[in-house]
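Asker: let me see the structure of the following:
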Amino acid sequence: MITRPRTARLLPSALAAAFLVVSAGTASGATHPKAKTKPHAAAHKAAASTEPAMTTDANGLSVPVLANKAWVLMDFNTGQILASSNPDEPLPPASLTKMMTSYLVEQGLKSGKLKPNEPVTMSLSAWCRGGKEGDSCMFVPLNAQVPLLDMLRGVVIDSGNDASKALAEHIGGSESGFAALMNAEAAKLGMTHTHFENSAGLPDPKHKSSARDLAVLAQAIIRNSAEYYPIYAEHEFTFNGIKQGNRNALLYTDPTVDGLKTGHTDEAGFCLTASAKRNGMRLISVIMDANSAQARADQTRVLFNWGYANFEEATPAQPGLTLTNAKVLDGVVPTVAAGVAQVWTVVLPKGQGTAVQTAVSLNPGLTAPVAKGAVIGKVVASANGKPLGEAPLVALAAVERAGFFQRIRQHISGLFSK
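Answerer: Numbers count the residues shown, from 1 in each chain. So this is what the prediction gives:
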């Protein structure tokens, strides 16, 4: 969270414990007083769930009705939106912004441009005063130098505005310079309803993102930053003698949830991007502008439970398996085996996995030479007459061009075979 609410004071004994149960168990980024605190695990208890209201979408599917401004539920493997409400409305993302900050750091580490132990300086402009102003902080001392990987944890786990700004200055030279990098990466990922003005998600009229875009960003983090994604599931982080718990309440109540980020400002309401993996199927949920921290957690549970109850994944064809033999003109052999090169997944309503069928479409006039892996057509998957998706059909072997006399014989043979 990044707002500046009134500073919470340390409360004595039982009252303090009660406060933690309410705030730590449900809030995404409540102000943390600069003192040692216990982990939030005991405080993150699931609220009593009630059956959600349902409505029927344009496809005739019964979907949940949620009290927020926007939400999406995405299948991770395919990027398919299983259900949504106002998915492309640009809204204030609050600290969900920090997913882009952490993603750029992770990609810098992955490429070798950044090093885990390189020092990051806490400048005066990034320094978080905490308590009095109510910032969400990692609490790095002014002018201190901190290993970059610790700063990354300060962003992901502590939701530290100070860590976000310090990393932005370290990588982009200034926060505005880093915002330019954020927007360039957003465009690269296809986040068409997003514009960033800062690294932490501080309110700005131009600083907006959509639920669909944030799901796309979460998908990129999980897929492209796999080495660093486990950080998003860590329950706590201690720095400068201060232990802070992860603000994602679902990490403490649902063992299938392993990320990603919470956010809150008065303008943005309570936001949560989360991911869960059950029986090999991963879903991504985004909630924007719920009316409380408890509501965003409960709504995310509803979406995950609904998604896993109503959908399943299927693999229409295994990589390397011959689906057809394609005719090759002027080749040393007359045909080449064709199939899919990579794992191919489709999503369909629960219970229809055995009904998946495939149909192959070949590009006309395939002529040697043909490289192994060359796209020579497509394969389309369907179930009960409804298309589910398609994948490139590739040559599973190379075919060299035949010699001159062999080609002549092939053409003569072809004339007589017509």
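Asker: make it CA atoms for all contacts and neighbour counts henceforth
Answerer: Will do.
Asker: and Ala402, how close does it get to Lys372?
Answerer: Going from Ala402 to Lys372 by CA to CA, to the nearest Å gives 16 Å.
Asker: so what does the top helix by length along the chain touch, helix or strand wise?
Answerer: With DSSP state H applied, the helix covering the greatest number of residues in the chain is identified as helix 293-310. In this structure, helix 293-310 makes packing contacts with helix 13-26, strand 62-64, strand 70-75, strand 269-278, strand 281-290, judged by 3 or more CA pairs under 8 Å, 6 or more residues apart in numbering; DSSP states H and E.
Asker: so for that helix, what's the average pLDDT?
Answerer: Mean pLDDT, helix 293-310: 97.
Asker: identify the residues contacting the helix or strand following it?
Answerer: Along the chain past helix 293-310, the next helix or strand (assigned with DSSP states H and E) turns out to be strand 311-314. Here strand 311-314 makes contact (CA atoms under 8 Å, 6 or more residues apart in numbering) with 281, 345-351, 353, 356.
Asker: now with 10 Å, please.
Answerer: When contacts are taken as CA atoms under 10 Å, 6 or more residues apart in numbering, the neighbours of strand 311-314 outside the stretch itself are 75, 77-78, 82, 279-282, 344-356.
Asker: pLDDT weak spots in the stretch 101-250 of the chain?
Answerer: Judged by pLDDT under 70, the stretch 101-250 of the chain has its weakly predicted residues at 130-134.
Asker: and the strands in it?
Answerer: 119-121, 145-147, 236-239, 242-245 (DSSP state E, counting those that start in this stretch).
Asker: between the ones you listed, which gets nearest to Phe304?
Answerer: strand 242-245 (23.0 Å; CA to CA).
Asker: what about the helices in the protein?
Answerer: Using DSSP H, helices in the chain cover 13-26, 98-111, 148-156, 161-172, 175-189, 211-224, 250-253, 293-310, 404-417.
Asker: make CSV out of the ones you listed and add mean neighbour count and distance to Pro52.
Answerer: Shown next, in CSV, are the helices of the chain (neighbours: other CA atoms under 10 Å; distance: least, CA to CA, whole Å):
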stretch, mean neighbour count, distance to Pro52
helix 13-26, 17, 19
helix 98-111, 21, 29
helix 148-156, 25, 30
helix 161-172, 26, 35
helix 175-189, 18, 33
helix 211-224, 23, 20
helix 250-253, 22, 18
helix 293-310, 21, 7
helix 404-417, 11, 66
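Asker: my read is that Glu175 contacts Asn198, right?
Answerer: Yes: with contact defined as CA atoms under 10 Å, Glu175 counts as touching Asn198 (6.2 Å).
Asker: okay, and the common contacts of these two?
Answerer: 164-165, 168.
Asker: closest to Thr300 among the residues you listed?
Answerer: Distance to Thr300, by CA to CA, is smallest for Ser164 among the shared contacts of Glu175 and Asn198, at 25.5 Å.
Asker: from Ala341, how far out is that closest one?
Answerer: Noted for Ser164: a distance of 40 Å to Ala341, by CA to CA.
Asker: same deal with Arg223?
Answerer: With CA to CA as the criterion, Arg223 and Ala341 are 18 Å apart.
Asker: and for Ala163?
Answerer: Applying CA to CA, one obtains 42 Å for the distance of Ala163 from Ala341.
Asker: quick revisit: and the longest helix of the chain, how far out from the chain middle?
Answerer: Using CA atoms, centre = their mean, to the nearest Å, the mean C-alpha position of helix 293-310 is found 16 Å from that of the whole chain.
Asker: do the same with stretch 99-112
Answerer: The gap between where stretch 99-112 is centred and where its chain is centred comes out at 14 Å by CA atoms, centre = their mean.
Asker: for stretch 178-197, same thing?
Answerer: Distance of stretch 178-197 from the chain centroid (CA atoms, centre = their mean) equals 15 Å.
Asker: is it true that Leu250 touches Ser285?
Answerer: No: using CA under 10 Å, Leu250 is not in contact with Ser285, being 11.9 Å away.
Asker: residue contacts, the residue most central in space within the chain?
Answerer: The centre of the chain sits closest to Ala218, judged by CA atoms, centre = their mean, with a distance of 1.5 Å. Contacts here follow CA under 10 Å, 6+ apart; on that basis Ala218 touches 76, 96, 99-100, 103, 212, 224, 259-261, 273-275, 284-286.
Asker: okay, and the common contacts of Leu250 and Ser285?
Answerer: In contact with both Leu250 and Ser285: 260, 274-276, 300-301, using CA under 10 Å, 6+ apart.
Asker: nearest to Trp71 among these?
Answerer: The closest of the shared contacts of Leu250 and Ser285, once distances to Trp71 are taken by CA to CA, is Thr300, at 9.3 Å.
Asker: how about the closest one: what's its closest non-neighbour residue?
Answerer: Here the nearest residue to Thr300 in space, its sequence neighbours aside, is Ser285; by CA to CA, 6 or more residues apart in numbering that works out to 6.5 Å.
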